[in-house]
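Colleague: Sequence plus the predicted model coming up.
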Amino acid sequence: MAELEAVIGLEVHAQLLTSSKMFCGCRAEYLGLPPNSNTCPTCLGLPGALPVINGRAVEMTIRTALALGCRIPEFSKFDRKNYFYPDLPKGYQISQYDLPLSLGGHLEFEVDGDRRSCGITRVHLEEDAGTLHHAGEIHTSKFSLVDLNRAGVPLMEIVGEPDLRSPNEAPHYLRALRQLLLHLGVNDGNMEQGSLRCDANISLRPRGRRELGVKVEVKNMNSFRSLEAALEFEVRRQTAVIESGGLVHQETRGWSEVEQATVSQRSKEEAQDYRYFPEPDLPPLRVSRELVERLRAGLPEPPLRLRDRLTYQHQLGLEQAALISERPQDAFYFEAMVAAGAPPRPAANWQLGPLQALCKDAKLDIEHSPVPAGELAELVRMVEAGEVSGTSGREVLVEAFATGRSPVNLIKERGLTQVSDVAQMEAWVDATIRQLPKAAADFQAGNDRALGPLVGAVRKASGGVANPDLASRLLRERLGRGGG
């Protein structure tokens, strides 16, 4: 039998960060609210309640499509996608079918350092459904509770072409798309809470053949790890079916985290099963070229391009640049530090190390840090210039973060500015050698561990203000190990 290859395409649903729902004035926020408290006649689909298009959601979708290189038609419309499910109060979903907001495009991503590209079929706009809470059992019958707070939240669907060829590529594609959405400010990227969701279509075919195999849709994957695991399972399952002479059936399967397997849910629907027709209560959308160009002009630097620029412009390591370009607020803070005079590599180290740890403990994003970028930049500059020791600098940062006070003012108040005057340092070094003759002799004899106590004694004699690097150099020179 010919070797089989996987053909994978992802459908990603991203809730948009609007303040109100897609077709009514209810808040788009729904987490933590009492069940069914954030609803109105429109999002409940009550008779006589008419929808109104959320213009902000339309602009966010167009911005995303432009960032993916999509074409924006001048004319689009909304459609009714008809199906029955308990969390769909109207009995249909307002979505887009044959005339979406955008067509075509591509997404660049990397797999183990290799640059890849996946086509984008379309980016369109629809409304989210409610949520089902599986509550347990009454007597012997299982039941679920319906919460419609989420019903009507703006939902952007990004349909990828079937250009992925292995389960390993899928999470890399999704990470790159998530990062782009974060940089655009249109989605919070939270897969665990469901504001970013992914379905996968996967089929197998003999390698080298152009015809597609029978497609299976996989749902219920709420992490990058579960996406890859579900696709790996499907490759094994479909391979076993084909090699045994069986037929793969077109169906929808759900990923079970407990069983680490996909489970059949229902036969896969075709487009005609949804009986699409134009939404009669909404006018068609005409998107002006002026709006498109205004939105294009406001696009941020693409994440991969930003990462590459950080590496060559600021000479950052690839890992440093990748971490700083992960979120737009991280990149903004870093470049604000550099603009304020901090050397780039040390600035990245301080941001990704001590500052990030403090923000994590305080559960703060970096843009809400009590230490502004300019103040941390001055602290980094002083440490790099030898005016303050690294240890004192880190202690000052902790206090500045806790109190909101300026690191530079704290350094001045506590007299932490290091002394680098050579004559003064030589006096402290000579006194230390006389005070610790055994440690001095041990270091002269080649015991490198003896240098630490000597440097510590110099700093103690200075009241903690002696420059440790200069103290170490002078001790080496005095004890005949200047080249060590």
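Modeller: Nice, I can see it.

Colleague: longest strand anywhere in this structure?
Modeller: strand 114-127 (DSSP state E).

Colleague: Show me how far it is from its chain's centre.
Modeller: In terms of Cα atoms, centre = their mean, to the nearest Å, the centre of strand 114-127 is found 17 Å from the chain centre.

Colleague: Now do it, average pLDDT.
Modeller: For strand 114-127, mean pLDDT is 96.

Colleague: tell me what that strand is packed against?
Modeller: Strand 114-127 sits against helix 55-67, strand 92-95, strand 106-111, strand 154-160, helix 169-184, with contacts defined as 3 or more Cβ pairs under 8 Å, 6 or more residues apart in numbering; DSSP states H and E. Placement of C-beta: from N, CA and C, glycine included.

Colleague: hmm, try it at 10 Å
Modeller: strand 4-15, helix 55-67, strand 79-82, strand 92-95, strand 106-111, strand 154-160, helix 169-184 (3 or more Cβ pairs under 10 Å, 6 or more residues apart in numbering; DSSP states H and E).

Colleague: list the buried ones in that strand?
Modeller: Going by neighbour count (16 or more other Cβ atoms under 10 Å), the buried part of strand 114-127 is 116, 118, 119, 120, 121, 122, 123, 124, 125, 126, 127.

Colleague: What of stretch 471-484?
Modeller: 471, 472, 474, 475, 476, 478, 479.

Colleague: Looking at those, spot the one nearest residue 134.
Modeller: residue 472 (64.7 Å; Cβ to Cβ).

Colleague: which residues sit in contact with the closest one?
Modeller: Residues counted as contacts of residue 472 (Cβ atoms under 10 Å, 6 or more residues apart in numbering) are 429, 451, 452, 454, 455, 458, 484.

Colleague: wait, is the first one part of a helix?
Modeller: I take that to be residue 429. Yes: membership of residue 429 in a helix is supported by DSSP: H, G, I helix; E, B strand; the rest coil.

Colleague: pLDDT wise, what is the nearest residue to residue 303 once chain neighbours are set aside at?
Modeller: Leaving aside its chain neighbours, residue 303 sits nearest to residue 179 (4.6 Å; criterion: Cβ to Cβ, 6 or more residues apart in numbering). In the predicted model, residue 179 carries a pLDDT score of 96.

Colleague: what's the neighbour count on residue 179?
Modeller: 22 (other Cβ atoms under 10 Å).

Colleague: oh, and call the first residue 2 from now on, that's how I've got it
Modeller: In the new numbering, first residue 2, that becomes residue 180.

Colleague: does it really touch residue 328, like I thought?
Modeller: Yes: contact criterion Cβ atoms under 10 Å: residue 180 and residue 328 qualify, at 7.9 Å.

Colleague: tell me, what's touching the two both at once?
Modeller: 190, 304.

Colleague: for residue 219, helix, strand, or coil?
Modeller: Going by three-state DSSP: residue 219 is strand.

Colleague: Specify the beta-bridge partners of it.
Modeller: residue 201, residue 254 (DSSP bridges).

Colleague: Can you pull the domain assignment for the chain?
Modeller: Listed by automatic domain parsing, the domain ranges of the chain are 5-292, 302-415, 423-479.

Colleague: Which residues are in contact with residue 20?
Modeller: 26, 28, 29, 30, 55, 57.

Colleague: cool, and residue 297?
Modeller: Contacts of residue 297 by Cβ under 10 Å, 6+ apart are 63, 64, 67, 68, 73.

Colleague: Find me the pLDDT at the residue nearest to the fourth one when sequence neighbours are not counted, would you?
Modeller: Closest residue to residue 68 in three dimensions, ignoring its sequence neighbours and counting by Cβ to Cβ, 6+ apart: residue 300, at 5.5 Å. Here, the pLDDT recorded for residue 300 equals 96.

Colleague: cool, and residue 388?
Modeller: Here, the pLDDT recorded for residue 388 equals 83.

Colleague: Could you do the one 5 residues further on as well?
Modeller: Note for residue 393: predicted pLDDT of 86.

Colleague: same question, residue 83
Modeller: On the pLDDT scale, residue 83 gets 92.

Colleague: Can you give me every residue that contacts it?
Modeller: Contacts of residue 83 by Cβ under 10 Å, 6+ apart are 89, 91, 92, 93, 94, 274, 275, 276, 277, 278.

Colleague: Farthest-apart pair in these, please.
Modeller: Taking Cβ to Cβ, no two of those sit farther apart than 91 and 274, at 17.4 Å.

Colleague: between the two, who's got more neighbours?
Modeller: Taking other Cβ under 10 Å, residue 91 and residue 274 do not tie; residue 91 has more neighbours (19 against 12).

Colleague: Surely that one is in a strand?
Modeller: No: counting by three-state DSSP, residue 91 falls outside a strand, being coil.

Colleague: Quick check: it touching residue 45?
Modeller: Yes: with contacts counted by Cβ under 10 Å, residue 91 reaches residue 45, the gap being 7.9 Å.

Colleague: Find residues that contact each of these two.
Modeller: Both residue 91 and residue 45 are in contact with 152, 153, where contact means Cβ under 10 Å, 6+ apart.
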